[in-house]
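S.K.: Based on what follows, work out the 3D shape:
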Amino acid sequence: MAMDMKPLLKFAPELHRKYLLFILNGKLPNLSSMETNRSVLMYFALSGLDILNEIDNIPPERKRSIIEWIYSLQVVNEEEQVSGFQGSTALNTKEAKGRNSPYKWAHIANTYSCLNSLIILGDDLSRVNRKAILRSMGTLQLPNGSVKGAKIGVEDDMRFVYCAACICYILNDWSSINVDLMTDFILKSIVSNFSVGLFLDQELIISGYDGGIGQGPELESHSGSTFCAIASLSLSKNLHRLTKAQFHALRRWLLFRFDAGFSGRPNKPIDTCYSFWTGGALKILDAYQFIADEKNNQFVLMTQDRYGGFSKWVNTVPDPMHTYFGLAGLSLMDFEG
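M.R.: Residues are numbered from 1 along each chain as shown. Down below sits the predicted model:
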């Protein structure tokens, strides 16, 4: 058994490069159901290649064509306040080309993905209509401080709070978001149904039984939403708003998500993507060094596919998201290559 596993534990960057280029070039037919979120798949591919130091190997003309395609997704619609970037051109009919239409609305996750992809490709964002994006994004924040993904028909939760914070950070303009309301929403989402005493530094402090952060107030703690929350606090320079009790409880909850690999919730199996969500949150909170395990990378390496890419679990099919987060997780571990 050990002999059979050994080849899988060797990092194969060349195979991952080929897999990500297949995604970037739209050559994986099983992803057709993701057509309306093609910009997100593109972001996973580009960011994964960036982690592998492969962006400079993309031919200049190919980079330019991708940049032009991204800008073709930009929507400027100040009348309906739906400016930003779309997921793809799939819903843009020939008749609607060059003008606004009912289906030509931006989504905050696609705007986040497109802006990041432009930066990775070396674009200066000079053609981004910053004012239109920020004004439309401002309409997505709810009175409780949360942010919804689009104007109509989508959820509001910590994922989109993070997207909003990243967009504001990238565009260096926080004027469209009420940062105090956003921060209050995050702090109210820390799970603490009842209080227990913890002794830290000889001082009795009060902390919730859990300490993690959910998608919103009174929701279950989750590593993904915890990362989104504390990353948003960090980007907006509000990490100091965590109390000492909250800070220690967050680190403790995240550290308990490690068991030869990272999980997203208690009593759930370890999963490749949480090497980033949980690991990234620990990095922001300066606690990653407390995972004293030289074999931290082994689970992620076990989810490599022999033809490239990473999967959610061992012996399952790889996908773009887990490939990107697997590479990102290995980078947090300072894994060579």
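S.K.: C-alpha only now, for contacts and for neighbours.
M.R.: Will do.
S.K.: can you list the domains in this protein?
M.R.: 1-33+257-337, 59-177, 178-240 (automatic domain parsing).
S.K.: Which of those has the lowest mean pLDDT?
M.R.: Lowest mean pLDDT of the domains of the chain: domain 178-240, a mean of 82.
S.K.: Next one: residue 122 from residue 163, what distance?
M.R.: Going from residue 122 to residue 163 by C-alpha to C-alpha, to the nearest Å gives 21 Å.
S.K.: same question, residue 190
M.R.: Distance from residue 190 to residue 163, by C-alpha to C-alpha: 19 Å.
S.K.: what are the ranges of the strands in the stretch 151-300 of the chain?
M.R.: 195-200, 203-208 (DSSP state E, counting those that start in this stretch).
S.K.: returning to that earlier point: quick one: which of residue 190 and residue 163 has more around it?
M.R.: residue 190 (27 against 22; other C-alpha atoms under 10 Å).
S.K.: In stretch 54-72, which residues are buried?
M.R.: 55, 63, 66, 67, 70, 71 (16 or more other C-alpha atoms under 10 Å).
S.K.: likewise stretch 25-35?
M.R.: residue 35.
S.K.: what's in contact with that stretch?
M.R.: 22, 87, 88, 90 (C-alpha atoms under 8 Å, 6 or more residues apart in numbering).
S.K.: so how far is it from its chain's centroid?
M.R.: Stretch 25-35 has its C-alpha centroid displaced from the chain centroid by 20 Å (C-alpha atoms, centre = their mean, to the nearest Å).
S.K.: in the protein, which spans are helices?
M.R.: Here the chain has its helices, by DSSP state H, at 2-5, 13-24, 38-51, 60-72, 108-120, 130-138, 158-171, 179-188, 223-235, 244-255, 274-284, 298-302, 320-332.
S.K.: CSV for those, including distance to residue 267?
M.R.: Converted to CSV, those look like this (distance: least, C-alpha to C-alpha, whole Å):
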stretch, distance to residue 267
helix 2-5, 26
helix 13-24, 30
helix 38-51, 28
helix 60-72, 40
helix 108-120, 29
helix 130-138, 37
helix 158-171, 22
helix 179-188, 24
helix 223-235, 13
helix 244-255, 13
helix 274-284, 14
helix 298-302, 17
helix 320-332, 20
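S.K.: Of the ones you listed, which is nearest residue 290?
M.R.: helix 244-255 (7.7 Å; C-alpha to C-alpha).
S.K.: If I take that closest one and helix 223-235, what angle do their directions form?
M.R.: Here the directions of helix 244-255 and helix 223-235 differ by 140 degrees (axes from the mean of the first three to the mean of the last three C-alpha atoms, to 10 degrees).
S.K.: Now residue 264. Nearest residue, chain neighbours left out?
M.R.: residue 223 (4.7 Å; C-alpha to C-alpha, 6 or more residues apart in numbering).
S.K.: With adjacent residues omitted, what lies nearest to residue 323?
M.R.: That would be residue 310: by C-alpha to C-alpha, 6+ apart, it lies 4.3 Å from residue 323.
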